[in-house]
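A.B. asks: give me a 3D structure for the following:
(one chain, ligands or ions: 2)
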Amino acid sequence: MKRITSNFDTMSTLQTGPVSPTEMASRLPVKLTGLVAATFTPLTSEGELDLSVIGPYVDYLTKRQGVRNIFVNGTTGEGMSLSVEERKRTAEEWCLRARGKMDNVIVHVGCLSIKDSKDLAHHAETVGADGIGVISPSFFKPKTADALRSYLKEVASAAPTLPFYYYHIPALTGSNLLASDVCKGLGALIPTFSGVKFSGTDLMDFGQCVRHGQADQALLYGVDEQLLAALAFGANGAVGSLYNYLGSHFNKLLMAFAQGDLVGARALQFSVQDLLAFASKYGFDVALNKQLMSDLSGLSLGPPRLPLVPCRPEMAAAVAQKYHQIFPEPGELLE
Ligand SMILES: CC(=O)N[C@H](C=O)[C@@H](O)[C@H](O)[C@H](O)CO
Ligand SMILES: CC(=O)C(=O)O
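C.D. replies: Ligands and ions are numbered 1, 2, ... in the order given. This is a model prediction of the structure:
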């Protein structure tokens with residue numbers, strides 16, 4: 001398999017020619033760029049944590065997918081369905097197993113109780129995470145951007161040394177606040193504010209986050225099937241579930257975009273869309289996605305947890321078959 005060294009950093013070099021990642025780092029101190037896989041949480045068939053899968057999972061992502069960043073205990077990881085204690089144990093194991101292998105482990109610490117979130121944020125700091133992400137509370141929803149900013153500030157203050165990412169996922173939190181409003185002035189309020197993980201389809205709102213964000217902030221897009229559009233708007237990274245098994249192909253998409261090959265980038269993005277359009281007919285959700293990842297990677301990730309219900313195995317098998325049909329060859333790996 002061909003190895004490439006470029007990543008999102010090359011995108012800013014379209015006019016200036018190749019620049020090494022180290023040089024880029026000194027110019028644009030964005031800590032988190034490139035692909036970030038939102039990991040599934042491995043469970044036993046009885047529904048308990050199966051931490052033994054985490055080491056092999058890290059190796060699968062780095063060696064087979066060329067993915068060197070992870071976002072754990074988020075939507076894909078069913079973080080909101082795990083107990084605080086379970087979230088601590090998984091976060092700790094991911095940090096331990098990723099050490100020396102991954103560039104960034106971002107731990108999602110959003111909860112309904114701010115005390116739990118602060119507890120998890122502090123814990124993430126003590127176990128050596130590289131950053132924390134937080135969603136808006138979804139039961140009592142903050143009514144104003146100000147209220148949400150106050151909440152985020154207090155959670156971030158529990159991990160004063162860790163980069164803080166606001167995780168915008170309106171379809172699941174039910175929040176109707178624009179991410180660009182929430183992020184306005186967040187840097188002044190939260191010294192560790194490092195960027196936004198934008199899992200929404202409102203590209204104008206995303207564009208406004210880019211337009212009014214600081215140069216050193218990560219603009220991470222989270223709707224994998226339309227990443228190319230966000231790249232055009234200035235995304236410098238991507239967090240999503242599809243990078244678990246399509247990382248190497250998305251690396252190719254990033255390369256194509258960086259080289260100005262929009263036709264090539266579009267072909268890859270449309271292939272991903274074809275797979276998702278097929279999977280949608282089976283009701284693609286985290287449960288099906290998790291089974292699909294088990295099938296494609298050979299890792300035993302186990303069932304989802306209630307209220308999610310396991311998908312019928314033949315559904316995931318049909319999607320896996322379609323995956324192999326659309327992507328018969330592996331994509332590109334980063335060094
Ligand atoms: C709702 C959800 O899970 N969103 C993920 C990230 O935020 C995405 O990575 C999607 O899983 C992916 O784009 C497929 O729709
Ligand atoms: C997909 C994503 O970003 C998450 O699992 O939180």
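A.B. asks: please count neighbours and contacts with C-alpha atoms only from this point.
C.D. replies: Fine.
A.B. asks: report the contact partners of residue 237.
C.D. replies: Contact analysis of residue 237 by CA atoms under 8 Å, 6 or more residues apart in numbering lists 8, 32-36, 218-221.
A.B. asks: tell me the pLDDT at residue 64?
C.D. replies: For residue 64, the pLDDT comes out at 97.
A.B. asks: repeat for the one 3 residues further on
C.D. replies: Taken from the predicted model, the pLDDT recorded for residue 67 is 97.
A.B. asks: go on, residue 216?
C.D. replies: 89.
A.B. asks: how many other residues sit next to it?
C.D. replies: 15 (other CA atoms under 10 Å).
A.B. asks: okay, and it sits in which element?
C.D. replies: If you go by DSSP states H and E, residue 216 is not part of any helix or strand.
A.B. asks: list phi and psi for it.
C.D. replies: phi -90, psi 10 (degrees, to the nearest 10).
A.B. asks: so it sits right up against residue 192, yeah?
C.D. replies: No: judged on CA atoms under 8 Å, residue 216 makes no contact with residue 192 at a distance of 11.3 Å.
A.B. asks: my guess is residue 39 meets residue 78, correct?
C.D. replies: No: Residue 39 lies out of contact with residue 78 (CA under 8 Å); the separation is 9.3 Å.
A.B. asks: looking at those two, which has the bigger crowd around it?
C.D. replies: Comparing residue 39 with residue 78 by neighbour count (other CA under 10 Å), the higher total belongs to residue 39, at 29 against 20.
A.B. asks: now do the contacts for that one.
C.D. replies: 70-74, 76-77, 241, 244.
A.B. asks: can you rerun that using 6 Å?
C.D. replies: Residues near residue 39 by CA atoms under 6 Å, 6 or more residues apart in numbering: 72, 77.
A.B. asks: the single nearest residue of the stretch 151-300 of the chain relative to ligand 2: neighbouring residues, count only.
C.D. replies: Among the residues of the stretch 151-300 of the chain, residue 240 lies closest to ligand 2, at 3.9 Å counting by CA to the nearest ligand atom. Neighbours of residue 240 under the rule other CA under 10 Å: 26.
A.B. asks: gap between the lengthiest helix in the chain and the chain center?
C.D. replies: Assignment by DSSP state H gives helix 262-280 as the longest helix of the chain. On the basis of CA atoms, centre = their mean, to the nearest Å, helix 262-280 is displaced by 19 Å from the centre of the chain it belongs to.
A.B. asks: and for that helix, what's in contact with it?
C.D. replies: 225, 253, 256-257, 319.
A.B. asks: how about the residues of the stretch 51-200 of the chain by ligand 1?
C.D. replies: Contacts of the stretch 51-200 of the chain with ligand 1, taken as CA under 6 Å from any ligand atom, map to 75-76, 199.
A.B. asks: quick one, which of these are buried?
C.D. replies: 75-76, 199 (16 or more other CA atoms under 10 Å).
A.B. asks: which one of those sits closest to residue 82?
C.D. replies: Residue 82 lies nearest to residue 75 out of these, by CA to CA, at 11.1 Å.
A.B. asks: checking the closest one next. Helix, strand or coil?
C.D. replies: Secondary structure, DSSP: H, G, I helix; E, B strand; the rest coil: residue 75 is coil.
A.B. asks: check residue 317 too.
C.D. replies: Secondary structure for residue 317, judged by three-state DSSP, is helix.
A.B. asks: please apply the same query to the one 3 residues further on.
C.D. replies: Classification of residue 320 by three-state DSSP places it in helix.
A.B. asks: distance of it from residue 292?
C.D. replies: Residue 320 is 6 Å from residue 292, where distance means CA to CA, to the nearest Å.
A.B. asks: so which of those two has more stuff around it?
C.D. replies: Remark: of residue 320 and residue 292, residue 292 carries more neighbours, 24 against 20, as counted by other CA under 10 Å.
A.B. asks: residues touching the more buried one, list them.
C.D. replies: Contacts of residue 292 (CA under 6 Å, 6+ apart): residue 316.
A.B. asks: quick one: the helix or strand hosting it to helix 262-280, angle?
C.D. replies: If you go by DSSP H and E, residue 292 is part of helix 286-297. Inter-element angle recorded for helix 286-297 and helix 262-280: 120 degrees (by axes from the mean of the first three to the mean of the last three CA atoms, to 10 degrees).
A.B. asks: give the buried residues for helix 286-297.
C.D. replies: 286-297.
A.B. asks: tell me the residues on the protein that lie near ligand 2, please.
C.D. replies: So the chain meets ligand 2 at 38, 74-77, 222, 239-241 (CA under 6 Å from any ligand atom).
A.B. asks: which residues of the stretch 1-150 of the chain fall in strands?
C.D. replies: 3-4, 34-38, 69-72, 104-108, 131-134 (DSSP state E, counting those that start in this stretch).
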